[in-house]
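Colleague: Below are the sequence and a predicted model; questions follow.
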Amino acid sequence: MVKHKKALELLWKGTCNIIIKVEKINPINKRTEFEEDVIYSNQPCKLSFERLTTTTENSNAALITQGVKLFLSPTIEIPPGSKITVTQNGKTTDYARSGEPAIYTNHQEVPLELFKGWA
């Protein structure tokens, strides 16, 4: 099984960082401040894109959106609300987890959306 996982990861040409927002107390003014903390760095991954077409009753035109999935090791736990910075094919983009991951024996698939800011 380890061989299958390693073979699958050879196909992943991207890397990702998983970032969370943590509370820190400013020692000078004693205020609670928030800063980003990288919990996983340079993890092998792969982005997959799909075109999603939907129509509504009130519209004659189809609405086309893009679905984005991240493939990575099933051992990586991505907390809700995390920022996921993915670099693939020379492009770096920030995403957020948009749903529950589908976890399989050798990988997991995480639905993503563009990161719009911390909640």
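Modeller: Arrived safely. Residues are numbered from 1 along each chain as shown.
Colleague: When you work out contacts or count neighbours from here on, use the C-alpha atoms and nothing else.
Modeller: Will do.
Colleague: would L8 count as being in a helix?
Modeller: Yes - L8 forms part of a helix when assessed by DSSP: H, G, I helix; E, B strand; the rest coil.
Colleague: measure it to E100 for me?
Modeller: Using Cα to Cα, to the nearest Å, we find L8 at a distance of 22 Å from E100.
Colleague: ok, now K24?
Modeller: Applying Cα to Cα to K24 and E100 gives a distance of 28 Å.
Colleague: Quick one: residues contacting the residue most central in space within the chain.
Modeller: Residue closest to the average C-alpha location in the chain (Cα atoms, centre = their mean): I84, at 4.3 Å. Residues near I84 by Cα atoms under 8 Å, 6 or more residues apart in numbering: 16-19, 94-97.
Colleague: want to try CSV for the residues you listed, with secondary structure and neighbour count as columns?
Modeller: Compiled in CSV, those are given as follows (DSSP: H, G, I helix; E, B strand; the rest coil; neighbours: other Cα atoms under 10 Å):
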residue, secondary structure, neighbour count
C16, strand, 23
N17, strand, 19
I18, strand, 24
I19, strand, 21
D94, strand, 18
Y95, strand, 21
A96, strand, 23
R97, strand, 21
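Colleague: of those residues, the lowest pLDDT goes to which?
Modeller: Least confident entry in the contacts of I84, by pLDDT: R97, with 88.
Colleague: Where does the closest residue to P111 other than its chain neighbours fall, secondary structure wise?
Modeller: Nearest residue to P111, sequence neighbours excluded (Cα to Cα, 6 or more residues apart in numbering): K69, at 4.5 Å. Using DSSP states H and E, K69 maps to strand 63-72.
Colleague: helices or strands up against that strand?
Modeller: On a contact count with 3 or more Cα pairs under 8 Å, 6 or more residues apart in numbering; DSSP states H and E, strand 63-72 meets strand 32-54, strand 108-114.
Colleague: buried residues in the longest one?
Modeller: Within strand 32-54, the residues scored as buried using 16 or more other Cα atoms under 10 Å are 43-47.
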